[in-house]
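# Output the structure for:
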Amino acid sequence: MGRLFGTDGARGVANSELTCELAMKIGRAAAMVLSDEQRSRPRVLIGMDTRISSDMLEASIAAGLCSVGADVLTLGVLPTPAVAFLVQKYGYDAGIMISASHNPCEYNGIKIFKSDGYKLPDEIEEKIESIILDGTIVPDVKIGGEVGRIRTSDMPKFDYIEHLLETVDADFSGMRIALDCANGSASFTAPELFTDLGVDFEVLSAVPNGININRGCGSTYMEQLQRFVKANHFDVGFAFDGDADRLLAVDENGEIVDGDKIVAIAAASLKKRGLLKNNTAVVTVMSNLGFHEFCKKNDINVEVTTVGDRYVLENMLKNDYCIGGEQSGHVIFHDFATTGDGQLTAIQLLQVLKLSGKTLSELASEIEIFPQTMVNVRVSQIGKVRYAKDEEIKKAIASAEKELGDQGRVLVRVSGTEPLIRVMVEGKDEEMIQRLADEIAAVVRDRLI
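Numbering: from 1, shown residues only. Presented below is the predicted three-dimensional model:
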């Protein structure tokens, strides 16, 4: 993990940790590192989510870019995957997304995409960090006619929606779905997308006011959608996060279908249609043991990476796989996208339902999920660094693993996006795994706060 960039960009409390000054410096450094040396004026596009600080940070980043001679196209509010798609389609040098994903409104973040639509690898992030923090390169600030320009366009949203529609080929008429847009980016695209698909839908949490993003809604708070789907007899419900790069679903009975189940269902469908490249799905160490059992029964190979959709994607690229994702709802359909895309995942799942003739509950019931509990312990930044070397925490983890034996597993990790140590325990005995998770969390809390 870098000094500014975590597993999903630079992130922090806006105007406190993630300041306007830092945003401007990131814009300048990104332009210097990512611009095409053959082009005299680098071109960068910027998208953002709906949180109140996004306008402020967009202005700061754009100013930084223009100050080193880059031309900027501001996209307004769009999902993160739209930025990844449009930077390729429009032939820009880089794309920047301003978002803190599923976090509350006081947070914000900066994600950067290369010209090919992929997130930055660690080595490029380190170059940007070194320019900002170490002054390894002094920005070549422009004057006069060399200063960059800023422009806007109404086309990006329509180009992105058109791209999504081209990924499916099915008649969706007669389907009834509910959408929870988290008062975020999906509020500006999902209603139009699903109108064009011809489905009967209702929308929840699609009236953003700058401070209600992810507040009691979206993929982080599923209860609202669960109740709504069940009470109103919808076929399926879809919940996005703030920047719409992840998706969780709700079946017709109001039960949550998480990323593990979505990847499993999609992989099995792709295999049946002869489209599962190299017969493999890619997931992270967080994925449930039940996912692995399902894939084994269906003769699907599984590759496992560290936590983070960027690492899932790296494995997919290296080995030419087409489906992968995280339990949290980041799902990558690499035949159509270079990053996780909640709306793309939703319509791909709808297509699977149509092709199978089954309900979502029927498809999801084929994956037996082992009980899993997660305890998040808030720690200091120093605590996050000290975690890996703390012997008492290691002893607590080893003791829990010994008690579980081959009936479960323990995973304790540092969050890449928040000041947390995440303690996950999985097994067949719910009371045991909760007790073990609490015991480990107590040691972490005692040692690192």
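
# hang on, residue 48 packs against residue 56?
No: using CB atoms under 8 Å, residue 48 makes no contact with residue 56, being 10.1 Å away. For the C-beta atoms, the positions are set from N, CA and C on the backbone; glycine is no exception.

# Of those two, give the one with the bigger neighbour count.
residue 48 (26 against 17; other CB atoms under 10 Å).

# which residues does the more buried one bridge with?
residue 77, residue 98 (DSSP bridges).

# Going forward, the N-terminal residue is numbered 376.
Let's use 376 as the start, then, which means that last one is residue 423.

# got a list of contacts for stretch 380-396?
376, 379, 397, 401, 426, 428, 431-432, 434-435, 472, 475-476, 478, 481-487, 494-495, 500, 503-504, 682-685, 791-792 (CB atoms under 8 Å, 6 or more residues apart in numbering).

# Among those residues, name the ones in strands.
Members of the contacts of stretch 380-396 lying in strands (criterion: DSSP state E): 472, 482, 483, 484, 485, 486, 487.

# which of the residues you listed lies closest to residue 439?
The closest of those to residue 439 turns out to be residue 485 (CB to CB; 10.9 Å).

# Now, of the contacts of stretch 380-396, which are buried?
379, 397, 401, 426, 428, 431-432, 434-435, 472, 475-476, 478, 482-487, 494-495, 500, 503-504, 682-685, 791-792 (16 or more other CB atoms under 10 Å).

# buried sites along stretch 753-768?
For stretch 753-768, the neighbour count (16+ other CB under 10 Å) marks 754, 758, 759, 762, 768 as buried.

# how much space is there between the first one and residue 797?
When CB to CB, to the nearest Å is applied, the distance between residue 754 and residue 797 equals 11 Å.

# where does this protein dip in pLDDT?
Counting by pLDDT under 70, the low-confidence segments of the chain come to 376-377, 382, 411-414.

# before we move on, back to that, identify the farthest-apart pair in the ones in strands among the contacts of stretch 380-396.
Once CB to CB is applied, the ones in strands among the contacts of stretch 380-396 give 482 and 487 as the farthest pair, at 17.3 Å.

# Could you say which helix or strand holds the residue nearest to residue 522 when sequence neighbours are not counted?
For residue 522, ignoring the flanking residues on the chain, the nearest one in space by CB to CB, 6 or more residues apart in numbering is residue 441 at 5.7 Å. In the assignment (DSSP states H and E), residue 441 maps to helix 429-442.

# Check which helices and strands that helix is in contact with.
When contacts are defined as 3 or more CB pairs under 8 Å, 6 or more residues apart in numbering; DSSP states H and E, helix 429-442 sits against helix 395-409, strand 418-423, strand 446-452, strand 469-473, strand 482-489.

# Including distance to residue 523, could the ones you listed go into JSON lines?
Output for the helices and strands packed on helix 429-442, formatted as JSON lines (distance: least, CB to CB, whole Å):
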{"stretch": "helix 395-409", "distance to residue 523": "8"}
{"stretch": "strand 418-423", "distance to residue 523": "9"}
{"stretch": "strand 446-452", "distance to residue 523": "5"}
{"stretch": "strand 469-473", "distance to residue 523": "13"}
{"stretch": "strand 482-489", "distance to residue 523": "17"}
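
# most neighbours per residue, which of these?
strand 469-473 (a mean of 29; mean count of other CB atoms under 10 Å).

# Ramachandran coordinates for residue 752?
phi -110, psi 120 (degrees, to the nearest 10).

# so it touches residue 821, yeah?
No: with contact defined as CB under 8 Å, residue 752 does not reach residue 821; the gap is 9.8 Å.

# So for the two, which residue has more residues nearby?
residue 752 (23 against 12).

# so what's that one bridging to?
residue 796.

# Provide a list of residues in contact with it.
Residue 752 neighbours (CB under 8 Å, 6+ apart): 795, 796, 797, 798, 816, 819, 820, 823, 824.

# Nearest to residue 776 among those residues?
Nearest to residue 776 among those, with distances taken as CB to CB, is residue 798, at 12.6 Å.

# in a strand, that's where that closest one is, yeah?
Yes: using DSSP: H, G, I helix; E, B strand; the rest coil, the assignment for residue 798 is a strand.

# Could you check how far it is from residue 664?
Residue 798 is 17 Å from residue 664, by CB to CB.

# more neighbours, these two?
residue 798 (28 against 18).

# Can you give me the domain boundaries for the chain?
Following automatic domain parsing, one gets these domains for the chain: 380-528, 542-739, 747-823.
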